[in-house]
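# below is the structure, and that's it, no one-letter string:
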């Protein structure tokens with residue numbers, strides 16, 4: 001709660017994903033191209049400029065809107081399951097189905113989060129900052145979301161390892 005003033009509601013994050021991020025969305029036919037960017041890191045600026053020009057984009061929206069939740073990891077897959085008497089929404093989060101998780105995930109339930117402020121409080125905060133409230137008219141309609149897919153540039157290459165069921169513990173010593 002001590003950071004409540006600094007945070008937007010999840011409804012605002014979803015609204016941004018649906019209404020604003022479309023202006024920088026990289027077309028799927030260019031995903032193979034951006035996947036190669038890390039292989040030419042010294043040409044990153046030129047490669048980004050070329051993608052922006054070819055797709056007629058003002059910027060590249062490569063980030064994913066996610067929360068890093070204990071027991072869930074990075075996810076934005078949620079649905080509203082209730083509202084407190086103060087208007088704060090109660091959200092049920094699920095794990096990001098696009099990522100590999102520890103087998104313990106299968107035994108866990110979903111994670112419940114109560115937002116730190118109501119949508120009304122958030123809108124009042126925007127008004128205090130001089131924002132035009134009309135830009136946020138649809139915010140109440142966003143009560144569920146799914147985690148965005150990762151762009152290929154963020155996909156780890158397949159490693160030469162395998163996951164085992166063996167559990168090991170390590171003890172670390174520190175010399176004084």
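Nice, thanks for sending it over. Everything quoted here is computed from the prediction, not taken from an experiment.
# please count neighbours and contacts with C-alpha atoms only from this point.
Will do.
# okay, now residue 93: neighbour count?
Counted with other Cα atoms under 10 Å, the neighbours of residue 93 add up to 23.
# ignore what I typed, I meant residue 70.
Count around residue 70 with other Cα under 10 Å applied: 8.
# residues contacting it?
Contacts for residue 70 (Cα atoms under 8 Å, 6 or more residues apart in numbering) come out as none.
# need the helices for this protein, in chain order.
With DSSP state H as the criterion, the chain has helices at 10-15, 31-35, 44-55, 119-128.
# what's the first one packed up against?
Okay, so that is helix 10-15. Helices and strands touching helix 10-15, by 3 or more Cα pairs under 8 Å, 6 or more residues apart in numbering; DSSP states H and E: there are none.
# next one: that helix to chain centre, how far?
The chain centre lies 11 Å from the centre of helix 10-15; the measure is Cα atoms, centre = their mean, to the nearest Å.
# and that helix, average pLDDT?
When pLDDT is averaged along helix 10-15, the result is 88.
# in a markdown table: the helices of the chain, plus mean neighbour count.
Shown next, in a markdown table, are the helices of the chain (neighbours: other Cα atoms under 10 Å):
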| stretch | mean neighbour count |
| --- | --- |
| helix 10-15 | 20 |
| helix 31-35 | 14 |
| helix 44-55 | 14 |
| helix 119-128 | 16 |
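# so which of the ones you listed gets nearest residue 90?
For residue 90, the closest of the helices of the chain is helix 10-15, at 10.6 Å, according to Cα to Cα.
# contact partners of that closest one?
Contacts of helix 10-15 (Cα under 8 Å, 6+ apart): 65, 115, 119, 138, 139, 140, 141, 142, 143, 145.
# now the buried members of the residues you listed.
65, 115, 119, 139, 142, 143, 145 (16 or more other Cα atoms under 10 Å).
# nearest to residue 163, of those?
Residue 163 lies nearest to residue 65 out of the buried ones among the contacts of helix 10-15, by Cα to Cα, at 28.5 Å.
# so for that closest one, what's the pLDDT?
Reported pLDDT at residue 65 in the predicted model: 79.
# before we move on, what about residue 29?
92.
# residue contacts, it?
So residue 29 contacts nothing (Cα under 8 Å, 6+ apart).
# what distance do you get for the residue nearest the centre of the chain to residue 75?
Residue closest to the average C-alpha location in the chain (Cα atoms, centre = their mean): residue 66, at 1.8 Å. For residue 66, the distance to residue 75 equals 5 Å [Cα to Cα, to the nearest Å].
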